[in-house]
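Asker: Requesting a structural model of the entry that follows:
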Amino acid sequence: MEDRIITYGGQAVIEGVMMRGQKAYAIAMRAPDGSIAIHTQKLANVYRSGITKIPFLRGSILLWDALGLGMNALTISANTQTGEDEKLEGPALYLTLGLSLTLGIGLFFLLPAGLGGLAEHYLGWSPWLNNLVEGVLRLLFLIAYIWGISFMPDVKRLFMYHGAEHKTINAFEAGAELTPEVVAKYPIEHARCGTAFLLTLVLLSILIFTALGPMPMLWRLATRVLFIPILAGIAIEYIRWTANHLDSPFVQMLIKPNLALQHLTTSTPDNSMLEVAIASFQSMRKAEQEAA
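Answerer: Residues are numbered from 1 along each chain as shown. The predicted structure follows:
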């Protein structure tokens, strides 16, 4: 399959969409006056370094940078909506990102691990069973969290822009004309979605942490944090592999849970949102060509 299947990615931001290529990214946002504001920028050197060719290691490092990129994109989009011109970068950006990750790790990794350890201690369950229950709790927490925030009005629109991003990339990869009317006909799911990454990481954690067997509570909690980069590296390689073998019926079966979960994080966009996603993608492509 062509390289473009793993070249382009995107992310919904506040009233807009970020599209990322191999050399540049673009953010298209719906400004308060109704126009589409565009911000383009070259990617950091890490995306063009040799580290992107090292399996498993590249996943954790690029994931960290991509999180920072997404946080900055959200800030730029929010500033466009408010008319302010404040940048979240440097220490402030990574402090915000660090706090967000800390909360996420606490909720989705340490809390289930603590509950599993307590069940083992007070209920006398088998350590293997408790590790399995911990993993199931982690999965339920993730689904419940996504489902819960989906009722927030701003998140609803964010998920609609997420759908616009997926439809645009799907249309491009199919060689279709990038107009709202054409793009609207394409699927809302995409194999390389960040939602697919999250679900893959959680499912991997169930397998790996269950296999670790019994251990003291302190070490139990420590392994849940220390193993995150390993799980992330494996998850990203899995996503890349499935994205490159989508013609295989076996792979199509494997990714069904990932695609199903995306129905919680994407919604059908309107034409104005598709216009924003298309503008973002075309601006990114233009920036890629100029960078080359």
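
Asker: where does the protein have low pLDDT?
Answerer: 1-14, 62, 64-65, 81-94, 96-97 (pLDDT under 70).

Asker: Let me see the contact set for Val182.
Answerer: Ala171, Ala176 (CB atoms under 8 Å, 6 or more residues apart in numbering). Any C-beta I mention is one placed from the backbone N, CA and C, and that applies to glycine too.

Asker: quick one: the residue nearest the centre of the chain from Met18, how far?
Answerer: In the chain, the residue lying closest to the centroid (CA atoms, centre = their mean) is Gly194, at 2.4 Å. Look at Gly194 and Met18: by CB to CB, to the nearest Å, they are 12 Å apart.

Asker: next one: Glu134
Answerer: 34 Å.

Asker: just Val183 next, same as before
Answerer: Taking CB to CB, one finds Val183 at 17 Å from Met18.

Asker: What of Val276?
Answerer: Counting by CB to CB - Val276 and Met18 are separated by 11 Å.

Asker: what's the answer for Arg220, then?
Answerer: Counting by CB to CB - Arg220 and Met18 are separated by 37 Å.

Asker: Which one's more surrounded, these two?
Answerer: Neighbours per residue (other CB atoms under 10 Å) separate Arg220 from Met18, with Met18 holding more: 27 against 22.

Asker: Quick check: beta-bridge partners of the more buried one?
Answerer: Beta-bridge partners for Met18, by DSSP bridges, are Gln11, Ile27.

Asker: need the helices for the chain, in chain order.
Answerer: 57-82, 90-105, 111-123, 127-149, 153-173, 180-183, 194-212, 217-226, 228-243, 249-254, 256-265, 271-291 (DSSP state H).

Asker: among those, which is the most enclosed?
Answerer: Among the helices of the chain, helix 153-173 has the highest mean neighbour count (mean count of other CB atoms under 10 Å), at a mean of 22.

Asker: and the angle from it to helix 256-265?
Answerer: Helix 153-173 and helix 256-265 are oriented at 130 degrees to each other (axes from the mean of the first three to the mean of the last three CA atoms, to 10 degrees).

Asker: Packing partners of helix 153-173?
Answerer: strand 9-13, strand 16-20, helix 180-183, helix 256-265, helix 271-291 (3 or more CB pairs under 8 Å, 6 or more residues apart in numbering; DSSP states H and E).

Asker: Would you tell me which of the ones you listed gets closest to Leu140?
Answerer: helix 256-265 (12.5 Å; CB to CB).

Asker: I'd like to know how far the residue lying farthest from the centre of the chain sits from Leu118.
Answerer: Centroid-distance maximum for the chain: Gly124 at 37.5 Å, with CA atoms, centre = their mean. Shown here: Gly124 relative to Leu118, a distance of 12 Å by CB to CB.

Asker: what do you get for Gly106?
Answerer: Taking CB to CB, one finds Gly106 at 16 Å from Leu118.

Asker: Over to Lys185?
Answerer: With CB to CB as the criterion, Lys185 and Leu118 are 51 Å apart.

Asker: same check, this time on Ser60
Answerer: Counting by CB to CB - Ser60 and Leu118 are separated by 30 Å.

Asker: same question, Glu189
Answerer: On the measure of CB to CB, Glu189 and Leu118 end up 37 Å apart.

Asker: Contact partners for Thr179?
Answerer: Neighbours of Thr179 in contact, by CB under 8 Å, 6+ apart: Ile278.
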